[in-house]
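Trainee: Okay, sequence plus prediction incoming.
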Amino acid sequence: MKNLYKTLSVVVAALALAAPLQSSAADINLLNVSYDPTRELYQDYNAAFAKYWKAKSGDNVTVKASHGGSGKQGRAVIDGLEADVVTLALAYDIDAIYDRAKLIPKDWQKRLPNNSSPYTSTIVFLVRKGNPKHIKDWDDVVKPGVSVITPNPKTSGGARWNYLAAWAYSLKQTNNDEAKAKEFVAKLYKNVPVLDSGARGATTTFVERGIGDVLLAWENEAFLALKETPGKFEIVVPTLSVLAEPPVTIVDKVVDKHKTRAVATAYLEYLYSEEGQEIAAKNFYRPTLESVAKKYEPQFPKVNLVKIDDPAFGGWAKAQKTHFADGGVFDQIYAK
Amino acid sequence: MQYKRKIIASLLIGSGIISAPLVASANDSTELEELRALVQELDQKVRVLARQNEVNAEDAAAAKATTPIVNASQNGFGLKSADGQHEIKLRGAIQTDARFFPGGDGVASGNTNAGKVTAADTALLKQFRPILQGTLWGKYDFLLTPDFGNSKVVVQDAYVDAKFNPWFQVKAGKQKTPFGIERLQGDADGKFTERALPNDLVPNRDIGVQFHGQVADSRLEYALGYFNGVIDGGSSDSYTNVDTDNNRDKDFVARVFATPFKNDPGFLQGLGFGFGATYGDQRGSAVTSTTAATASQSNLPGFKSGLGQQTFFTYRTTAVATTVAAGGLAGNGSTYADGQRYRWSPQFNYYNGPFGLLGEYVRVSQDVSRQTATGVTRSDKLNNDSWQIVASWLLTGEDASYTNPNPKQPFDLDKGTGWGAWELVARYSELSVDDKAFNPFGAATNPTLKAQAQARSYADPRSAARKASAWATGINWYLNRNLKIALDYERTSFDGGWTDTAGTAYLDRPTENAVTTRLQIGF
């Protein structure tokens, strides 16, 4: 009898302990405002993170993602879209969230490794099978008769990387002659028949609508096109391109309001984990974790890369002001 | 034979006849390539155009989400945010009136046939109101209505109305006191050019706060307010210190109005009824000289006729002459409010098709005092009341309502189409002053004693009428939603308020006949 009572007490105690634990599992929602081409990446990553977080904390996390041109997405957050995290194409678009809305601290980029860029990418050319226009490098893209697809740098982060890659190439060829670089990008945009608002839109124009001879694409977009429409396209790697470092951050005022700071921070930190980096690599983003980068090295072509801090650009603030602000070089060379 | 063939072949080749098919074939091939290239070029152009349209449509859809909506219409001019949460509107109301007294039947001042001043026939700019209103955050309405009519500058309305939810809203600022049904009707929506006699007892605009809302599926409205308190028929800009309370006393206001059948089609669907009340402890002060006390000092009203707008009643605003022979007593003064003021008003309206009916009864109980002699003050509670019934009929078939009708066929001179909306209106109203205001009536036969007794009254029956009765009729023409032309006639008869040259007779003020016209634009 004594033993029975003992056993029953243990069982009841265990149930009493377990019940509150079971009933305390929370349902948490996060909004990730991201740039255009990351749909597949975050679809895979969100599922993986939800599983990881459930195992770690017992809570259910649902991450909704919003995609669009990086500049447009940043402006949407400034105008009130309550993003728990932003994962945009370039640091300038996140700096604007501080400058114009003070939703994040000024030193946001120092909070995560690699200047808050868990993965990198670059710009390559996607051409039609057989490369009928024989496009090998940037000089071929600006030739008359070549139709180039690239999005609008006023709205798209990828478009700004494309533009800066072309600019950097021309500077290198002309011993840093900015006037010639301006002519070069002018010729480039003269060959652009349609300006989409984001990188994914540009991919749609080129791949699905069959418009253009060459797509200036995020590397991951180019690989995705090859994967999804095998045998129709080829990737051409230019001799010089730009190191694109898409950064990420929590939006402090929003996570504090939603009380999601802990899980939002974990969401971004997990991007740097082995699983997060594997998912990035499988979606053709260049991982920054050394072990994963080494594993996937054969997948990514070797490219001569220029960074945004290079004297050619002088950092994002200067590049934005010089080239993409109202009245900047892009406005001067592109007639609507 | 072979040689001959060779010669013939040479000749043929030389003349180009044999070589033509080869050239033709080469030309066909080149043309084909050119055509192919052209087709591809055209195909690309068509695809580019189609894609451009798609991109433009996407951009337009995205822009629509943030582009403000500009509105310019018969309802005014405005700007609204894309999400509808913020809006600002510019509206306006202009009324130009003309007022005539046929046969000179209107008295501007005086209380004898010999001494009266006939009321002038006049045109007037009754209202000139640019109206700024809007909403912030989808919840906070604001309204600013300055009025430049009558060559004055008055802020009629200036308030914020926080609409937290349909049953709880808070309105603070200068606003119409939630009490009288005809007063609460929009200034442009009245059936006549001037409100009826009950308007003399009903508070107009005041500064304060009211909690209000609608409950029971919007079938019951309520309002609870706390205001500075204004004299009967007055506004807070009537005082010497405009829009500032002239005492420490405040008025509590409450009103409920029910439309229990509004959601049930049938005969009673257009019936609404309610009750309003105000309570306050309002005190004025007297003058003991022949300089008239202002309304700010006495805190007591005067009463005007409806369409004619001529004053037919005031309390004693000065001291009465002090000689015994003239009926006065040394040290007497003017009448002033001295205590509780309680108003209440049952009211209703009813609309059924083109027929409309509105009615209200108003009673004001006011504590008054008057120093009748040195060291002698008399006090009383005076009950003044008034009522009206207004009927309207839209001849052109529009549905009658509390607001102006929207003509089914607006009048259009250019196209020669449409009659606009035509409306016949009629009303009857009365206002009665408490007999106690005129007591003692001087029943003594001795003229001196009679005059002395009479001099103690709160109002002089020889210059202040104790009752006014008015019937009026009119026709309104609504050319369109924004433009209205009105023609009204009112005949007001009086009991009391008149005397002879000697000042001893108690006569009736002459009947007033007034004709008014109005041209009104509102948007």
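Mentor: Thanks, I have the structure now.

Trainee: Tell me, what's the model's pLDDT at B:Thr417?
Mentor: B:Thr417 carries a pLDDT value of 81.

Trainee: How many residues are close by it?
Mentor: 10 (other Cβ atoms under 10 Å in any protein chain shown). Every C-beta, even on glycine, is put in place using the N, C-alpha and C of the backbone.

Trainee: now do A:Ala264
Mentor: Neighbours around A:Ala264, by other Cβ under 10 Å: 25.

Trainee: ok, it - contacts?
Mentor: A:30, A:84-85, A:250, A:255 (Cβ atoms under 8 Å, 6 or more residues apart in numbering or on different chains).

Trainee: now swap in B:Gly173 and tell me
Mentor: Counted by Cβ under 8 Å, 6+ apart, B:Gly173 has contacts B:157-160, B:207.

Trainee: ok, so of the residues you listed, who is nearest chain A?
Mentor: B:Val160 (23.2 Å; Cβ to the nearest Cβ).

Trainee: what's the following helix or strand after the host helix or strand of that closest one?
Mentor: For B:Val160, the enclosing helix or strand under DSSP states H and E is strand B:154-165. Tracing the chain past strand B:154-165, the next element assigned as helix or strand by DSSP H and E is strand B:168-176.

Trainee: Between strand B:154-165 and that following strand, find me the angle.
Mentor: Put simply, strand B:168-176 runs at 170 degrees to strand B:154-165, going by axes from the mean of the first three to the mean of the last three Cα atoms, to 10 degrees.

Trainee: Return the set of buried residues in strand B:168-176.
Mentor: For strand B:168-176, the neighbour count (16 or more other Cβ atoms under 10 Å in any protein chain shown) marks B:169, B:171-176 as buried.

Trainee: Output the contacting helices and strands for the next helix or strand after that strand.
Mentor: Next along the chain after strand B:168-176, taking DSSP H and E as the criterion, comes helix B:181-184. Secondary-structure packing of helix B:181-184 (3 or more Cβ pairs under 8 Å, 6 or more residues apart in numbering or on different chains; DSSP states H and E): strand B:335-352, strand B:355-373.

Trainee: How far off centre is helix B:181-184?
Mentor: Offset of helix B:181-184 from its chain centre (Cα atoms, centre = their mean, to the nearest Å): 9 Å.

Trainee: Likewise for stretch A:121-133?
Mentor: When C-alpha coordinates are averaged (Cα atoms, centre = their mean), stretch A:121-133 and its chain have centres 20 Å apart.

Trainee: Okay, now the unreliable bits of the stretch 251-400 of chain B?
Mentor: For the stretch 251-400 of chain B, the stretches with pLDDT under 70 are B:321-328, B:331.

Trainee: Kindly recompute the last result at 90.
Mentor: B:282-299, B:317-334, B:371-377 (pLDDT under 90).

Trainee: Can you name the residue of it nearest chain A?
Mentor: B:Asn263 (37.6 Å).

Trainee: Leaving out chain neighbours, which residue sits closest to that residue?
Mentor: Leaving aside its sequence neighbours, B:Asn263 sits nearest to B:Asp217 (Cβ to Cβ, 6 or more residues apart in numbering or on different chains; 6.6 Å).

Trainee: Just say helix, strand or coil for the nearest residue to A:Gly315 once chain neighbours are set aside.
Mentor: Spatial nearest neighbour of A:Gly315, chain neighbours left out: A:Asp309 (5.6 Å); criterion: Cβ to Cβ, 6+ apart. With DSSP: H, G, I helix; E, B strand; the rest coil as the basis, A:Asp309 sits in coil.

Trainee: How much space separates A:Asp309 from chain B?
Mentor: 32 Å (Cβ to the nearest Cβ, to the nearest Å).

Trainee: same check, this time on A:Glu269
Mentor: Distance from A:Glu269 to chain B, by Cβ to the nearest Cβ: 32 Å.

Trainee: That residue contacts A:Pro113, doesn't it?
Mentor: No. Here A:Glu269 lies out of contact with A:Pro113, judged by Cβ atoms under 8 Å, at a distance of 9.2 Å.

Trainee: list the contacts for B:Lys436?
Mentor: By Cβ under 8 Å, 6+ apart, the contact list for B:Lys436 reads B:380, B:382, B:458.

Trainee: Pull up the residues of chain A that are close to chain B.
Mentor: A:72, A:79, A:147, A:193-197, A:201, A:205, A:209-211 (Cβ under 8 Å from any Cβ of the partner chain).

Trainee: Among the residues you listed, name the buried ones.
Mentor: A:72, A:147, A:193-197, A:201, A:205, A:209, A:211.

Trainee: Narrow these to those in strands?
Mentor: Using DSSP state E, no member of these falls within strands.

Trainee: Tell me which two of these sit farthest apart.
Mentor: A:Lys72 and A:Ser147 (24.7 Å; Cβ to Cβ).

Trainee: where do the helices sit along the stretch 301-450 of chain B?
Mentor: B:447-454 (DSSP state H, counting those that start in this stretch).

Trainee: per-residue pLDDT, whatever residue of it ends up closest to chain A?
Mentor: Per Cβ to the nearest Cβ, B:Thr403 is where the stretch 301-450 of chain B lies closest to chain A, at 36.7 Å. What the model reports for B:Thr403 is a pLDDT of 95.

Trainee: Can you pull the phi/psi pair for it?
Mentor: phi -110, psi 170 (degrees, to the nearest 10).

Trainee: about what we covered before: out of the helices and strands packed on helix B:181-184, which is closest to B:Val253?
Mentor: strand B:335-352 (8.9 Å).
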